[in-house]
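Engineer: Sequence first, predicted coordinates after that:
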Protein chains: 4
Amino acid sequence: MIKAGIIGATGYAGAELVRILLGHKEVEIKWYGSKSYIDEKYAKVYGNMFQLVEDTCLDDNIEELAKQVDVIFTATPQGFLAGVLTEEILEHTKVVDLSADYRLKDVAVYEKWYKIEHKSPQFIQEAVYGLCEINREKVKKARLVANPGCYTTCSILTAYPLIKEGLIEPGTLIVDAKSGTSGAGRGAKLPNLFCEVNENIKAYGVSTHRHTPEIEEQLSYAAEEPVTINFTPHLVPMNRGILATEYAALKKIKQADGSFLLPTYEQIKGAYDKYYKEEYFIRVLEQGVCPETKWVEGSNFVDIGFQIDARTGRIILMGAIDNLVKGAAGQAVQNMNLLFGFSEQEGLTLVPMFP
Amino acid sequence: MIKAGIIGATGYAGAELVRILLGHKEVEIKWYGSKSYIDEKYAKVYGNMFQLVEDTCLDDNIEELAKQVDVIFTATPQGFLAGVLTEEILEHTKVVDLSADYRLKDVAVYEKWYKIEHKSPQFIQEAVYGLCEINREKVKKARLVANPGCYTTCSILTAYPLIKEGLIEPGTLIVDAKSGTSGAGRGAKLPNLFCEVNENIKAYGVSTHRHTPEIEEQLSYAAEEPVTINFTPHLVPMNRGILATEYAALKKIKQADGSFLLPTYEQIKGAYDKYYKEEYFIRVLEQGVCPETKWVEGSNFVDIGFQIDARTGRIILMGAIDNLVKGAAGQAVQNMNLLFGFSEQEGLTLVPMFP
Amino acid sequence: MIKAGIIGATGYAGAELVRILLGHKEVEIKWYGSKSYIDEKYAKVYGNMFQLVEDTCLDDNIEELAKQVDVIFTATPQGFLAGVLTEEILEHTKVVDLSADYRLKDVAVYEKWYKIEHKSPQFIQEAVYGLCEINREKVKKARLVANPGCYTTCSILTAYPLIKEGLIEPGTLIVDAKSGTSGAGRGAKLPNLFCEVNENIKAYGVSTHRHTPEIEEQLSYAAEEPVTINFTPHLVPMNRGILATEYAALKKIKQADGSFLLPTYEQIKGAYDKYYKEEYFIRVLEQGVCPETKWVEGSNFVDIGFQIDARTGRIILMGAIDNLVKGAAGQAVQNMNLLFGFSEQEGLTLVPMFP
Amino acid sequence: MIKAGIIGATGYAGAELVRILLGHKEVEIKWYGSKSYIDEKYAKVYGNMFQLVEDTCLDDNIEELAKQVDVIFTATPQGFLAGVLTEEILEHTKVVDLSADYRLKDVAVYEKWYKIEHKSPQFIQEAVYGLCEINREKVKKARLVANPGCYTTCSILTAYPLIKEGLIEPGTLIVDAKSGTSGAGRGAKLPNLFCEVNENIKAYGVSTHRHTPEIEEQLSYAAEEPVTINFTPHLVPMNRGILATEYAALKKIKQADGSFLLPTYEQIKGAYDKYYKEEYFIRVLEQGVCPETKWVEGSNFVDIGFQIDARTGRIILMGAIDNLVKGAAGQAVQNMNLLFGFSEQEGLTLVPMFP
């Protein structure tokens, strides 16, 4: 039984960590950090936790926390962890950071897209990008895990095998993503009011969303060349779920007779199988089936479907996750499981809830 | 490890049974019965179950099923079980019926409100009304459990202690209930289309809803006198959840000096504590807190709040459940746990999902 | 063509006034008052108004405004108008107040329920309660109209004829009301966030909601005796609409033979017809039909249905309105039409939008 | 005052025609055709029309109807009109067809994508594609108008000026579209149930949706070369609205010094202004503003925004409409206005409803 602390426990991602960890056999939450609700009962902030969590919210004191727990989850705004992280903290405890502070290896890219100064770039190199299915072995040995963003988890995992296997032209990749509103956090802002979101859909952050360089960096590693993409997020009137619809030109494959043909369904499927066949949390759907966010709600699954369009020579990829689970808290727990040698699925065999 | 079969596994209540039983350590589902989807893969009918359920739907053959399993759940339309149940079936297996066939002790009342003939009234007397918190001991010894309706579970548990303790006038009880749309089932009917339900609220079945006599019968046992109520259900644009708002005149209590006073907050709270203090699944909220259906979503909890209105001499009670869990599949599993001597909470320590 | 000014034009009720007045042939909006958005283009605050409104928001300066326009709508927080209203303003212009400042005749009741001091009680007596169907003639002669609350409009109109005709026991009246979220306004508050409201229903303000005394006062006039009610509002995950479900004991009617019988359907319907037959905006539905909020969305209609329950001797009344139209801006325009002698329906023949 | 008949008046598009025509000064609806509800009162089928429409539904008899009215709207399934249209009908009346029967000039393309035989190809050549802003003059002289599809209206108008002016590479165009559920019609089908759609998003008809060839044909006329696109529709949990997010490579423009540069914001905006500056129903939003479907709800507007991404050399276009108005009934009325020489905006100055 290890001890965990959560900084930012009263945001939606923090609350989802609580929900998941309450069902985890190897972990006990010792610290519910929340700058906004210090000394308030956690169950007052989240009524669903009444009689399940008796603790009171504590200040976001990471130094103190580091001495008390085996792992710290930081579900905090960008810049928070970079501003307080020290070598001493990392000597005492492992850190899984749900913010973007250590996701990008190039600090200049971070500072350009996030428009804040990075206060502890010395830890960037050490940090492991916690996309478990891709970086599993590295995560196991890490002290500091940069938990991927919600859009990025979905966007990368959906395209990864095809880029890795050279089946699509990386430079043609376009990601049109749709997210439920919990991705916007629990801040009391006008655009997130019920009446503004409900019965409405819009794009936002077009060509400027911060998850763009994160997707590009990881896909560049896979492609072994720089990848530049278009990424457009949309706000959907639902609580949870991300659907990424991705478009790319297929690379024609040279045939025995010297001609070039588009990859077949079997070749694409084979690429997915090569990387994901043994992955419990990635479900490549049957031919012709389009993923639906509702099918993964509440679970750590990534559902993937695809369609080859011979008319245009493009492939359409579709990936679906629950943004708060595989896109945040679930993946963070998956990373924790790797860090501590627990079964990777412990606490995460959550059956999707439908309807 | 016992074996279970589900008849009507492709309705919403049946699917919720599957979701819950997949996380239950003592049960294996051996039979996914579905008249509409015979020979189809269950995971085709419910995409969320992809790679979690490999089984194919079977015919609704209860006689065959009874020989193969320890317990049968019937999540079927009214009249189905009454039409097929036999002594032989009950000798082979236990039955938890999620329909209304054995809930009402008076067959005439059943036939009047459901407008169908009851085909096997000989089992009505034996059947135990499976409201676990009230009838726990009887359920343990049963062969046939009549799992309560969704509205009734919520309505009864919210008022039960006050009626039992004589704190309210039973004849003044009015239940104004609001339900998510999954309560209407998965039938393809025009009134349940998205565009008909969304951005809309309406009452339906006013003064004629079939859960009325069920609530009345159970509350009459508690009151030890006949109770007649008004019950009005409403359809709310959400998937899950029932909120029952109940109104009743408080009985004035004779004081030492001969005067009469309304019961105090402490007296009401004391009544709830008397019956529910040890009940894991019933959460009586703190003073002044109104339950929200979202706080119990996906869980087997019943959340209860109340407010005394001294101006009118009435009390307003509010109860919230997830209609598919405590209102159907969760309670059915709770009954199964009692039937087989498992821990009552096994498979049901589901943390409510928020948001 | 008269000139109108709106103070509080950037709240939801203010914005609905703009929507309606843009389609009104006799009015021109000259002033878009908004404390929060001074000097911003109105169409920036409400994107739907792009190219329809070119004006810029102005300060909430009612004295200045009074000199420029024929009518002022105040869609402002409680206490605002009471704090600034003067005799001079009323000499220059008519005022339709969408706040509660002049709705209650007893200033003590106002101060008790609203917990603020009333700064200009001298205008309370003069103010006309603008429930057009009840107070039409008084409104025509008014300078200051107190536009009724959303819940109150719906609650009162639904019960009025039965109370007026003595068909129900006023003291038994219980109003269980359900409202869309626009009723909570456009303030950026956590409880109104999409993820908090969506997939959720709850009661709030139980036995303390400020519309209670307003309903009681108006129904007391109708009953010609003091009426005390229970009123419970609920928040529903939809943008617009109020449904009031009301319960009351029917008064038995003495028959020729001395016996007492419940009123019949025809007697109840007759009472509604007596008061509403000529009312364009009130639609008493056909027997057995329950109103749905979607059927009145975007319109100024009040839809009413009822059901007699002979088992309990009670009647269940149901009324539906669009809270932003008949519950706020539409009724305000209806009052303006009366004030200026326009056709009462001018600008308000809005066909409900479905779906 | 002309007379109009609607065949298919009880579908969502038909009902929206009724809503709009009730507010049109020059038209009277004489025929509410509905195969499913013959002899039922229209207001029973659509409760919102209570006391607004007193008519009863009639059989879908177009020959009889043609003799009685000046214009027929067919809001019917694909193949219906092609199966019944005759020269005689067109001699008696004008026809605005909301189905796809006469939208595609190449009957082979129609039969391939719709998988039905075209029964009256002799009228295809004569039919005018009723995208008013593009084909205004042709519509004025037509007898038979093929009212464009909802997705197509939005997709085409959003890209048209850039393709016409050669600012984008037509072969790179990708349309990722999102639609509210009313687009799926009022048929009682399982995938359209509230619980299946709510809290969910999915793509469907990927690379096979029937609106694809319609978009391609119209854009090919504009490009003066064959255009092949990717079109992916998505189902969004809302009643109304379509958002089309479109991606295309910008064509570099040769500069005075022989170098090539991407078009500037001003050049793109200039192209939109060239075609749409005088178009009342097309609103090109200010720089940096993304359209939201809620801003056009209930109205005939098309809102367009765009963003140049210099990093990828692509432009992202966004267009929003109300699928039932500009995407169906509103555009049909706009076509009717052109056919009969009414003001093009008559009946269509509907202010978008927010929230």
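Structural biologist: Sure thing, it's come through.
Engineer: Please name the spatially closest residue to the closest residue to chain B within the stretch 251-355 of chain A (chain neighbours excluded).
Structural biologist: In the stretch 251-355 of chain A, the residue that lies nearest chain B is A:Pro352 (3.8 Å; CB to the nearest CB). Every C-beta, even on glycine, is put in place using the N, C-alpha and C of the backbone. Nearest non-adjacent residue to A:Pro352, counting by CB to CB, 6 or more residues apart in numbering or on different chains: B:Asn48, 3.8 Å away.
Engineer: is it true that the one you found lies in a helix?
Structural biologist: Yes: B:Asn48 sits within a helix when classified using DSSP: H, G, I helix; E, B strand; the rest coil.
Engineer: Contacts only, for it.
Structural biologist: Counting by CB atoms under 8 Å, 6 or more residues apart in numbering or on different chains, B:Asn48 makes contact with A:294-297, A:299, A:351-354, B:19.
Engineer: Give me the buried entries from those.
Structural biologist: A:294-297, A:299, A:351-354, B:19 (16 or more other CB atoms under 10 Å in any protein chain shown).
Engineer: can I assume A:Glu216 sits in a helix?
Structural biologist: Yes: assessed by three-state DSSP, A:Glu216 belongs to a helix.
Engineer: and it, how many residues sit next to it?
Structural biologist: 23 (other CB atoms under 10 Å in any protein chain shown).
Engineer: Contact partners for it?
Structural biologist: A:226-229 are the contacts of A:Glu216 under CB under 8 Å, 6+ apart.
Engineer: before we move on, back to that, I'd guessed the residue of the stretch 251-355 of chain A closest to chain B sits against A:Ser299; true?
Structural biologist: Yes: here A:Pro352 reaches A:Ser299: they are 4.2 Å apart, a contact under CB atoms under 8 Å.
Engineer: any common contacting residues for those two?
Structural biologist: Common neighbours of A:Pro352 and A:Ser299 (criterion: CB under 8 Å, 6+ apart): A:322, B:48.
Engineer: for chain B, what are the nearby residues on chain A?
Structural biologist: A:12, A:15, A:19, A:22-23, A:46-52, A:182, A:199, A:239-240, A:283, A:285, A:289, A:292, A:294-299, A:303, A:349, A:351-355 (CB under 8 Å from any CB of the partner chain).
Engineer: where along the stretch 201-350 of chain A do the helices fall?
Structural biologist: Counting by DSSP state H, counting those that start in this stretch, the segments of the stretch 201-350 of chain A that form helices are A:211-223, A:265-276, A:330-340.
Engineer: I'd like the ones you listed as CSV, with distance to D:Asn147 and mean pLDDT appended.
Structural biologist: Listed next are those as CSV, based on distance: least, CB to CB, whole Å; pLDDT from 0 to 100:
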stretch, distance to D:Asn147, mean pLDDT
helix A:211-223, 39, 98
helix A:265-276, 37, 98
helix A:330-340, 47, 98
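Engineer: Need the winner for burial among these.
Structural biologist: Burial of the helices of the stretch 201-350 of chain A is given as mean neighbour count (mean count of other CB atoms under 10 Å in any protein chain shown); helix A:330-340 ranks first at a mean of 26.
Engineer: Quick one: residues in contact with that one.
Structural biologist: With contacts defined as CB under 8 Å, 6+ apart, helix A:330-340 is touched by A:2, A:4, A:16-17, A:20-21, A:24, A:26-27, A:70-71, A:73, A:94, A:96, A:98, A:130-132, A:136, A:139-140, A:142, A:145, A:147-148, A:153, A:281, A:299-300, A:322, A:324-325, A:342-348, A:350.
Engineer: Just the buried ones among these, please.
Structural biologist: Buried among those (16+ other CB under 10 Å): A:2, A:4, A:16-17, A:20-21, A:24, A:26-27, A:70-71, A:73, A:94, A:96, A:98, A:130-132, A:139, A:142, A:145, A:147-148, A:153, A:281, A:299-300, A:322, A:324-325, A:342, A:344, A:346-348, A:350.
Engineer: just to revisit the earlier point, now, which of the contacts of A:Glu216 sits nearest chain D?
Structural biologist: Using CB to the nearest CB, these come closest to chain D at A:Thr228, 5.7 Å.
Engineer: Who are the contact partners of the closest one?
Structural biologist: A:Thr228 makes contacts with A:171, A:216, D:311-312, as judged by CB under 8 Å, 6+ apart.
Engineer: Nearest to C:Val175, out of the helices of the stretch 201-350 of chain A?
Structural biologist: helix A:330-340 (44.0 Å; CB to CB).
Engineer: Quick check: residues of the stretch 51-200 of chain A near chain C?
Structural biologist: So far as CB under 8 Å from any CB goes, the stretch 51-200 of chain A lies against chain C at A:181-182, A:186, A:188-190, A:192-199.
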